[in-house]
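Asks: coords please:
(chains A and B)
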Amino acid sequence: MSKRVVAAMSGGVDSSVAAARLVDQGYDVVGIHLALAKVKGHAGGKGCCTLDDARDARRVADRLGIPFYIWDVSEEFQREVIENFIAEYAEGRTPNPCVRCNEKIKFQAVLERSLALGFDAVATGHYAQIVETESGPTLHRAIDDKKDQSYVLSVLNQEQLSHTILPLGNSTKPEIRKEAEERGLITASKPDSHDICFIPDGDTAGFLHNKLGQDPGKIVDAETGEEIGKHNGVFEFTVGQRKGLKLGKPRDDRSPRYVVGTDIKSKTVLVGIPTMLRVDVVTATNLIWCGPIPASQFECSAQVRAHSADLKAKAFHKDGNLTVEFLEPLQGLAPGQTIALYDNTRVIGSGTVVTTTRS
Amino acid sequence: MTYLDHAATTPMLVESIAAMNAELAQVGNPSSLHASGRRARKVVEESRELIAAALGARPIEIIFTGGGTEANNLAVKGLFWSAQAKDKKKNRILVSAVEHHAVLDPVLWLGEHEGAIVEILPVDTQGRVLPETLRKAFEKNPHDVALVTVMWANNEVGTVQPIEELVKIAHEFKTHFHSDAVQAVGCLEVHFQNSGLDAMTVSGHKVGGPQGIGALVVKRDIELTPLLHGGGQERDVRSGTLAAPSIAGFAAAVSTAVVQRTSRANRMTSLRNDLIKRVQEQVPDVVFNGDPENRLPGNAHFSFKGCEGDALLMLLDAQGIECSTGSACSAGIPQPSHVLLAMGRDEVTARASLRFSFGSTSTPDDVDAVMQVLPAIVERAKRAGKPAVKK
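Replies: Below is the predicted model of the structure:
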């Protein structure tokens, strides 16, 4: 009997082609659209929706001749992703909700449910590769550097990877679009999504204000200690941020200032010059190994954002705590971000940033 | 394929297909004055007479609509607005808690947009509106009720309402009574005049006719405010070109279903009872929902403790068995049924529900097919439970 696979279908081009490839490969595929947010209903208050994305996913499933269902994971998404996102910002950290969603929703809640219902694996349209080795499956970057999404999957352990299929890792985005067109999938020319899905207008600060209210404080020049502005909530600011400071007093040389630190207790945002953003050592917790557990000390490269550079580093880990020394310059890193460690194209594992220091 | 979702829609009867086919190749707008128009008009009027005869109504009382939902909207809004036109004080709508959304939503809409006071009539644990409940609702203020609407039989749990008793109470208070009878026609004895109803909704595809056609049966002396304005084809209450082929198919289905009602209902009842007995034997903790006696002959409704209805549905679907978790939702996102919640079930039990509904094509093999896979599927769905998230 062929393997039974849940294809998570967002209604975008990538997951559409991923599902199509699985069907071609002979898997027994069921398309599942995850309802992440409850859309307010009409007069009856059913909370029902006919989202465009769900409809697109359904039409692709029709085209592929596979069964299609919608799974309501809105409660889990609300609790594990949205509320966590707000709580992390309230604590002065900068979370990555996509990483969190992969960790708690797609490859945990959905995967567990799929396995319990008799499926063998969950497949998504992420750009990354899973390579089988003698010591189990390992996660690698996609061949398309520009699209590579191994960073947001760096929270998957080997048990999860052994039930995951990523059909797109060996292709480039243009190839996928072309393939979608050739297959006649209606999602072929849909634009990529960039924003946080639960903040469709991209106004994260506005979203947080709505949830956390106003919490005014000072903006202080980190060089002089002088108060040079006010803000409406520390959560509006992330280390490395330049926009939205609205400072009345420019630097003498008119060079831009950046957020170089925040202090949630004193409600202070520190701003300074780019050199103050340099990070040499990072500590992290919430360690997840995507492959075999490495030696307690190893050389690697590290990535701290979805599409940032891969920087040479040295890592040490003990009792679930990680220390990373950067051998190449890193600018601006906020607590709460995910740091992913690589051995060439292979993802070794990841952690959540706790502290950053300049030596 | 084991199709046990006849309450959602049921296969067209051969008589209906033949009648519709005969019309599809013909030309003629029933409102045209020439020979082709007259021919089409004749088909429509003969169909109207057939339906009226089958339902114990007068032909003039049949208003064709685009289906059950439109008929329900026309009844609810039409009766409310015409009551308001006569007496502004009549602004309360009494509606049962277990109505289909095609009734409930227009009522709630009138509450939100037209100043109606919506009073939801509670039901007992079997989903029944008790006559004293209605009486009490009237006695609060005997003069302000615009209309009462209570369905004849429930689409989800199959419970049949004590319609005649309820109608009598409404008439004591000189108030119009509408009933959504889409599930009842062809399954139960439905006689419009004997029921005392003022308005009654009927649907084509629930009785083996085509989809997209229905009717509101409404007493001649009742004024309804129209929803659709235009050519005024149906008593100036409903506009739109009369769909002669659909109407012909609808009439053939209604009259055939009503003629064959007793024998088919008996067959469906025995299949249903067999399914209920075997499910209760093999899944001991199953909860059976609805009135065990006064219920639709084809309806079996269960809650499977510890399972999610949509997981059960998916697993059954994969085995070629088609049923429902209740009323379908356009986007397919499962919501706990308002019917079960109104019957006092908690949300978890409500989400654990599955409806099997039999129809004219059902056979004992269908019950065997369900029982072959259901116990194992319930076990599997129990293990899956709710998606768990590690803390």
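Asks: quick one, what contacts B:T175?
Replies: B:F138, B:V145, B:A146, B:L147, B:V148 (Cβ atoms under 8 Å, 6 or more residues apart in numbering or on different chains). All C-beta spots, glycine's among them, are computed from the backbone N, C-alpha and C.
Asks: One more: A:V260?
Replies: A:A222, A:V239, A:L270, A:V271, A:G272, A:M276, A:L277.
Asks: closest to chain B among the residues you listed?
Replies: For these, the minimum distance to chain B (Cβ to the nearest Cβ) is 28.4 Å, reached by A:V239.
Asks: For that closest one, what is the enclosing helix or strand?
Replies: Using DSSP states H and E, A:V239 is not contained in any helix or strand.
Asks: residue ranges of the helices in the chain, please?
Replies: As the question left the chain open, I've gone with chain A. Applying DSSP state H to chain A gives helices spanning A:13-24, A:52-64, A:74-77, A:83-90, A:97-101, A:110-116, A:158-161, A:173-182, A:204-212.
Asks: Actually, chain B is the one I wanted.
Replies: With DSSP H as the criterion, chain B has helices at B:14-24, B:35-55, B:68-86, B:101-113, B:131-140, B:163-172, B:192-195, B:244-259, B:261-282, B:309-318, B:338-342, B:347-351, B:364-384.
Asks: Tabulate the ones you listed (CSV), appending mean pLDDT, mean neighbour count and distance to chain A.
Replies: CSV is the format used below for these (pLDDT from 0 to 100; neighbours: other Cβ atoms under 10 Å in any protein chain shown; distance: least, Cβ to the nearest Cβ, whole Å):
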stretch, mean pLDDT, mean neighbour count, distance to chain A
helix B:14-24, 98, 18, 26
helix B:35-55, 98, 19, 28
helix B:68-86, 97, 23, 12
helix B:101-113, 97, 21, 4
helix B:131-140, 98, 15, 21
helix B:163-172, 98, 18, 23
helix B:192-195, 98, 18, 27
helix B:244-259, 98, 25, 25
helix B:261-282, 97, 16, 19
helix B:309-318, 94, 21, 6
helix B:338-342, 95, 22, 8
helix B:347-351, 90, 18, 10
helix B:364-384, 96, 18, 4
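Asks: what's the closest of these to A:T94?
Replies: A:T94 lies closest, by Cβ to Cβ, to one member of the helices of chain B: helix B:364-384, at 34.9 Å.
Asks: Contacts for that closest one next, please.
Replies: By Cβ under 8 Å, 6+ apart, helix B:364-384 touches A:113, A:116-118, B:2-4, B:271, B:274-275, B:278-279, B:282-283, B:286, B:304-308, B:311-312, B:315-316, B:319-321, B:356, B:358.
Asks: Can you get me the centre-to-centre distance for that helix and its chain?
Replies: Relative to its chain's centre, helix B:364-384 lies at 27 Å (Cα atoms, centre = their mean, to the nearest Å).
Asks: Tabulate the CA atom coordinates of it in PDB.
Replies: What follows is helix B:364-384, C-alpha atoms only, in PDB (Å, rounded to 0.1, in the frame of the first residue of the first chain):
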ATOM      1  CA  PRO B 364     -29.300  -3.100   3.800                       C
ATOM      2  CA  ASP B 365     -25.800  -3.300   2.100                       C
ATOM      3  CA  ASP B 366     -25.300   0.300   3.100                       C
ATOM      4  CA  VAL B 367     -25.800  -0.500   6.800                       C
ATOM      5  CA  ASP B 368     -23.400  -3.500   6.400                       C
ATOM      6  CA  ALA B 369     -20.800  -1.300   4.800                       C
ATOM      7  CA  VAL B 370     -20.900   1.200   7.600                       C
ATOM      8  CA  MET B 371     -20.700  -1.400  10.300                       C
ATOM      9  CA  GLN B 372     -17.800  -3.100   8.600                       C
ATOM     10  CA  VAL B 373     -15.600   0.000   9.200                       C
ATOM     11  CA  LEU B 374     -17.200   2.200  11.800                       C
ATOM     12  CA  PRO B 375     -16.000   0.600  15.000                       C
ATOM     13  CA  ALA B 376     -12.300   0.700  13.900                       C
ATOM     14  CA  ILE B 377     -12.700   4.200  12.600                       C
ATOM     15  CA  VAL B 378     -14.200   5.400  15.900                       C
ATOM     16  CA  GLU B 379     -11.200   3.800  17.700                       C
ATOM     17  CA  ARG B 380      -8.800   5.600  15.400                       C
ATOM     18  CA  ALA B 381     -10.500   8.900  15.700                       C
ATOM     19  CA  LYS B 382     -10.500   8.600  19.500                       C
ATOM     20  CA  ARG B 383      -6.800   8.200  19.400                       C
ATOM     21  CA  ALA B 384      -6.400  11.300  17.300                       C
END
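Asks: okay, the angle between it and helix B:309-318?
Replies: Here the directions of helix B:364-384 and helix B:309-318 differ by 130 degrees (axes from the mean of the first three to the mean of the last three Cα atoms, to 10 degrees).
Asks: need the strands for the stretch 201-350 of chain A, in chain order.
Replies: Assigned by DSSP state E, counting those that start in this stretch, the strands in the stretch 201-350 of chain A fall at A:217-221, A:227-231, A:258-263, A:268-272, A:278-289, A:297-303, A:311-318, A:321-331, A:338-343, A:346-357.
Asks: go on, the stretch 101-250 of chain B?
Replies: Per DSSP E, counting those that start in this stretch, the stretch 101-250 of chain B carries strands over the ranges B:117-121, B:145-149, B:176-180, B:199-203, B:214-218.
Asks: what's the closest of those to B:A102?
Replies: That would be strand B:176-180 among those, by Cβ to Cβ, at 7.2 Å.
Asks: which helices and strands sit right next to that closest one?
Replies: Strand B:176-180 sits against helix B:68-86, strand B:145-149, helix B:163-172, strand B:199-203, with contacts defined as 3 or more Cβ pairs under 8 Å, 6 or more residues apart in numbering or on different chains; DSSP states H and E.
Asks: so can I have JSON lines of the ones you listed showing distance to B:P131?
Replies: Formatted as JSON lines, the helices and strands packed on strand B:176-180 follow (distance: least, Cβ to Cβ, whole Å):
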{"stretch": "helix B:68-86", "distance to B:P131": "21"}
{"stretch": "strand B:145-149", "distance to B:P131": "12"}
{"stretch": "helix B:163-172", "distance to B:P131": "5"}
{"stretch": "strand B:199-203", "distance to B:P131": "19"}
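Asks: returning to that earlier point: distance to A:T338 added to the contacts of B:T175, as JSON lines?
Replies: Formatted as JSON lines, the contacts of B:T175 follow (distance: Cβ to Cβ, whole Å):
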{"residue": "B:F138", "distance to A:T338": "64"}
{"residue": "B:V145", "distance to A:T338": "61"}
{"residue": "B:A146", "distance to A:T338": "60"}
{"residue": "B:L147", "distance to A:T338": "59"}
{"residue": "B:V148", "distance to A:T338": "60"}
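Asks: Name the residue closest to the centre of chain B, please.
Replies: B:V182 (3.6 Å; Cα atoms, centre = their mean).
Asks: For it, list the residues it contacts.
Replies: Contacts of B:V182 by Cβ under 8 Å, 6+ apart are B:G68, B:H100, B:N155, B:T201, B:V202, B:S203, B:K206, B:G214.
Asks: 10 Å instead?
Replies: B:V182 makes contacts with B:7, B:67-69, B:71-72, B:100, B:102, B:151-153, B:155, B:200-207, B:214, as judged by Cβ atoms under 10 Å, 6 or more residues apart in numbering or on different chains.
Asks: A:E91 contacts A:V354, correct?
Replies: No. A:E91 is not in contact with A:V354 according to Cβ atoms under 10 Å; the separation is 11.6 Å.
Asks: What's the end-to-end length of stretch B:271-291?
Replies: With Cα to Cα, to the nearest Å applied, stretch B:271-291 spans 17 Å between its terminal residues.
Asks: Name the nearest residue to B:R272, sequence neighbours excluded.
Replies: B:A300 (5.0 Å; Cβ to Cβ, 6 or more residues apart in numbering or on different chains).
Asks: What's opposite that neighbour in the beta bridge?
Replies: Beta bridges link B:A300 to B:F356, judged by DSSP bridges.
Asks: Can you give me the pLDDT of it?
Replies: With respect to pLDDT, B:A300 scores 97.
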